[in-house]
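**Q** I'd like to go over a predicted model; first the sequence, then the structure.
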2 protein chains.
Amino acid sequence: MKLNDDQLARFERDGYLFFPSLFSGQEMDVLRARLPSIYAQQRPQIVRERGTHAVRTVFAAHLIDEAFAKLGRHPRMIEPVAQFFGEPVYMHQYKINGKQAFDGDVWQWHQDYGTWKADDDMPHERAMNVAVFLDEVNEFNGPLLFIPGSHRLGAIEASHDLTTTSYPLWTIDNETICRLVARGGIVAPKGPPGSMLMFHSCLVHGSPSNMSPWNRTIVYLSLCAVSNHIRRFKRPEWIAHRDFTPIVALPDDCLTDPAIRITELPLAPAA
Amino acid sequence: MKLNDDQLARFERDGYLFFPSLFSGQEMDVLRARLPSIYAQQRPQIVRERGTHAVRTVFAAHLIDEAFAKLGRHPRMIEPVAQFFGEPVYMHQYKINGKQAFDGDVWQWHQDYGTWKADDDMPHERAMNVAVFLDEVNEFNGPLLFIPGSHRLGAIEASHDLTTTSYPLWTIDNETICRLVARGGIVAPKGPPGSMLMFHSCLVHGSPSNMSPWNRTIVYLSLCAVSNHIRRFKRPEWIAHRDFTPIVALPDDCLTDPAIRITELPLAPAA
């Protein structure tokens, strides 16, 4: 999978690319089937929504579960980003965002690079999110909202919001959002399970709460150019990884071929 | 304005009718211009969102402000409902729901008749909401969500939610919502300012929070057949009105004709 000139130009302009149905329904079934056993675990990597047992985020799922480990080395996710940066990438952060039916809470407007710079001392914006939809994402279940073109401003001043949700976040003030939206509008890429998004680490984004009866599970790989690895180790290792080893992609059919195994899972529960 | 057979059949099936751009932009400008002076008042009729000064609801705005009083007697809102019930209607409830940019909070899944029956002892479902959009309603600013066909179940068991938002509401449990949505889906009527919705008092509805930079002001008239007036006066008079006088509609151009006056405004602030 290689990005063409048209895609690179659109990424430059908008700050994101959308690939509807890049993965098959069968591939997503393999991952979705793993969620109940992961969600049932009580561990610090799993953040619940305020006041409920609903899962907000599972950090480091690629170190907990083999299917998610394979996704973390999937060529359709790794190769376009390595191509974009012109060098190998490592896994800076890996998360499953549950945004569960009825209970999934808001993610306020923010940039990811803001946090990576402030908390982790990541030198440059040479890191990128790649996200895959495990469930259909529609207008009702809390889609990801982007402000197109907002990545071109670089890192914007942010303030640390410790109260709105169960997870602290560096968020952007309302006046700035008004200005950015007046210029770029808002888009909400929607599509069936298996759709993939690539988006710039400075793209301003957020997502509303989910009051629908449909889960909206999205898996995020935050891939960083190896030369751009973080310098400060303030946050837990399972939030901001310290293993800067270049990711070697697996074969394209890794999710559905049971012969392809990853046995080294440092955070897997005891069998 | 008279509902035709096709519209009546669709209302029977879906529980709502949508009239995009029924009012002009100019008519909505007249109303929207009144909001700052209403919102600036400190009074029990104005409910703020939790933790902010943002307006969640203005009750009884037709008793506070002349332009909103005219809207409360507008033939495009009154006549279709009187036609539907085959008798005159009175104003059971009147509210401006602010759903303000960034701060507008969720309205959980509910039926209005559940509250009117439980709190106000309204005998039958012979009351109806008519809503007009003062702002554009889009997928990002907290549109009203309907479960089509859910009105055909009549009043559904509900529980009194006193904690989720700043306003207590009789809400419907998640299992019931799952079952209703599996059958009827969810729709979110969207459109420019001046669009109007009529919906059945048993139609299950709600609306998500508004994290966009756009206000989403909707005015709701809850019109009740005169013969069906409430029997219990437990809630404040400005939430559940006790004046069962039939509404006499004004001329169609009442919003923009300054010669048409309503001088009797019992809750208007002293000049």
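**A** Alright, I've got the coordinates.

**Q** tell me the contacts of the spatially most central residue of chain A?
**A** Among the residues of chain A, A:Tyr220 comes closest to the average C-alpha position under Cα atoms, centre = their mean, at 2.1 Å. Shown in contact with A:Tyr220 (Cβ atoms under 8 Å, 6 or more residues apart in numbering or on different chains): A:Gln93, A:Tyr94, A:Lys95, A:Ile96, A:Asn97, A:Asn129, A:Val130, A:Ala131. To be clear about C-beta, it is placed using only N, CA and C from the backbone, and glycine gets the same treatment.

**Q** so which of those residues comes closest to chain B?
**A** Taking Cβ to the nearest Cβ as the measure, chain B sits nearest to A:Asn97 out of those, at 15.9 Å.

**Q** Beta-bridge partners for the closest one, please?
**A** According to DSSP bridges, the residues that bridge with A:Asn97 are A:Thr57, A:Ile218.

**Q** What about A:Phe18, how many residues nearby?
**A** The burial count assigned to A:Phe18 is 18, neighbours taken as other Cβ atoms under 10 Å in any protein chain shown.

**Q** packing partners for the helix or strand harbouring it?
**A** In this structure, A:Phe18 is located in strand A:16-19 according to DSSP states H and E. Here strand A:16-19 is seen to pack against helix A:5-14, strand A:196-200 when contacts are counted using 3 or more Cβ pairs under 8 Å, 6 or more residues apart in numbering or on different chains; DSSP states H and E.

**Q** Any part of the helix or strand following the last one near chain B?
**A** Going down the chain from strand A:196-200, the next helix or strand is strand A:205-207, by DSSP H and E. Yes. With Cβ under 8 Å from any Cβ of the partner chain as the measure, strand A:205-207 is seen reaching chain B through A:Gly206.

**Q** for strand A:205-207, which positions count as buried?
**A** For strand A:205-207, the neighbour count (16 or more other Cβ atoms under 10 Å in any protein chain shown) marks A:His205, A:Gly206, A:Ser207 as buried.

**Q** For the spatially closest residue to the first one that is not a sequence neighbour, give its distance to B:Leu197.
**A** In this case it means A:His205. In space, not counting the residues next to it along the chain, A:His205 is nearest to A:Phe146; the distance is 5.1 Å by Cβ to Cβ, 6 or more residues apart in numbering or on different chains. For A:Phe146, the distance to B:Leu197 under the criterion Cβ to Cβ, to the nearest Å works out to 29 Å.

**Q** if we can go back for a sec, assign the residue nearest to the centre of chain A to helix, strand or coil.
**A** Per DSSP: H, G, I helix; E, B strand; the rest coil, the local secondary structure of A:Tyr220 is strand.

**Q** Where does the stretch 51-200 of chain A get nearest to chain B, which residue?
**A** Evaluated by Cβ to the nearest Cβ, the stretch 51-200 of chain A has A:Cys178 as its residue closest to chain B, separated by 4.4 Å.

**Q** how about the helices in the stretch 101-250 of chain A?
**A** According to DSSP state H, counting those that start in this stretch, the stretch 101-250 of chain A carries its helices in the segments A:112-120, A:174-184.

**Q** B:Pro75 is nearest to which of those helices?
**A** helix A:174-184 (37.0 Å; Cβ to Cβ).

**Q** Please identify the buried residues of that closest one?
**A** Under the neighbour-count criterion of 16+ other Cβ under 10 Å, helix A:174-184 has A:Thr176, A:Ile177, A:Leu180, A:Val181, A:Gly184 buried.

**Q** Quick check: pLDDT value at the fourth one.
**A** pLDDT, A:Val181: 98.

**Q** before we move on, what about the first one?
**A** Looking at A:Thr176, its pLDDT reads 96.

**Q** give the contact list for it.
**A** A:Thr176 sits next to A:Ile156, A:Glu157 when contact means Cβ under 8 Å, 6+ apart.

**Q** Likewise for the last one?
**A** Contacts here follow Cβ under 8 Å, 6+ apart; on that basis A:Gly184 touches A:Ile147, A:Pro148, A:Gly149, A:Ser150.

**Q** ok, now how distant is it from A:Asp14?
**A** Spatial separation of A:Gly184 from A:Asp14 under the definition Cβ to Cβ is 8 Å.

**Q** again with A:Glu175
**A** 23 Å.

**Q** Also A:Thr176?
**A** A:Thr176 sits 19 Å away from A:Asp14, taking Cβ to Cβ as the criterion.

**Q** got a winner among the contacts of A:Tyr220 for most neighbours?
**A** Highest neighbour count within these: A:Ile96, with 29 neighbours (other Cβ under 10 Å).

**Q** Isn't that one up against A:Arg56?
**A** No. Taking Cβ atoms under 8 Å as the definition, A:Ile96 is not a contact partner of A:Arg56, at 9.7 Å.

**Q** What residues does chain A have near chain B?
**A** When proximity is defined as Cβ under 8 Å from any Cβ, chain A approaches chain B at A:101-102, A:106, A:108-109, A:139-140, A:145, A:174, A:177-178, A:181-182, A:186, A:188, A:206, A:208-209, A:211-213.

**Q** just the strands in the stretch 151-271 of chain A please.
**A** Under the criterion DSSP state E, counting those that start in this stretch, the stretch 151-271 of chain A contains strands at A:159-161, A:169-171, A:196-200, A:205-207, A:218-225.

**Q** Just want the angle from the longest one to helix A:112-120.
**A** Angle of strand A:218-225 versus helix A:112-120, following axes from the mean of the first three to the mean of the last three Cα atoms, to 10 degrees, is 70 degrees.

**Q** where does strand A:218-225 sit relative to the chain's centre, distance-wise?
**A** Its chain's C-alpha centre lies 5 Å from the corresponding centre of strand A:218-225 when counted by Cα atoms, centre = their mean, to the nearest Å.

**Q** circling back: how about the buried residues of helix A:174-184, which pair is most distant?
**A** The most widely separated members of the buried residues of helix A:174-184, counting by Cβ to Cβ, are A:Thr176 and A:Gly184 (12.1 Å).

**Q** Go through stretch A:34-47 and flag the buried ones.
**A** Of the residues in stretch A:34-47, those scored as buried under the neighbour-count criterion (16+ other Cβ under 10 Å) are A:Arg34, A:Leu35, A:Ile38, A:Tyr39, A:Gln45, A:Ile46, A:Val47.

**Q** which ones are touching the fifth one?
**A** Contacts were defined as Cβ under 8 Å, 6+ apart; by that measure A:Gln45 touches A:Val58, A:Phe59, A:Ala60, A:Ala61, A:Ile64, A:Trp238, A:Leu267.

**Q** Quick check: A:Ile78 touching A:Val89?
**A** Yes. The pair formed by A:Ile78 and A:Val89 meets the contact definition of Cβ under 8 Å, at 6.6 Å.

**Q** Brilliant, that's me finished.
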